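Peer 1: next one to model:
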Amino acid sequence: MDAAAAAEARERITKWIEETRQLFALLPGLLVPDAQVNERASAAEKEVERLRKEIDDLKKEALQLRGERDEIGHAVSLVIQKFGLAPRKSPFERTPGGDHPKPPEPPKVVEPPKAPEPAKAADRPKG
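Peer 2: As a prediction, the model looks like this:
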């Protein structure tokens, strides 16, 4: 290696060492935990826990209400059976084909019975 190349390599290495020192000086500032970030993360964790508890409470309430609804439906059906009432159709019930009633089918054409064919001479009884 000639002297010029060695001097250039030395300068590059010196420059890298200086840049490395500058980067190492920045590291402690980057590694120190940010208090504001920690507070926000803690608040988010508390909010998640609160929402999970609320979801659990709502699921329990929904289950209880379904049970009550089923009990009421059973009681109503017992009353209907006791009084012999036929269940009424809901005014909101729809026909399977839509809102309009199905048109009646056209009458079927019935062919008139055929008249018996006259007997042939060979088929007539001799008398």
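
Peer 1: buried stuff in the lowest-mean-pLDDT helix or strand in the chain?
Peer 2: Within the chain, confidence by mean pLDDT, DSSP states H and E is lowest for helix 3-31 among all helices and strands, at a mean of 90. The neighbour-count criterion (16 or more other C-beta atoms under 10 Å) identifies no buried residues in helix 3-31. Backbone N, C-alpha and C define where each C-beta goes, glycine included.

Peer 1: now Gln22: how far from Gln64?
Peer 2: Between Gln22 and Gln64 the distance is 65 Å, computed by C-beta to C-beta, to the nearest Å.

Peer 1: average pLDDT for the next helix or strand along the chain from the least confident helix or strand of the chain?
Peer 2: Moving toward the C-terminus from helix 3-31, the first helix or strand encountered (DSSP states H and E) is helix 35-83. With pLDDT averaged residue by residue, helix 35-83 scores 94.
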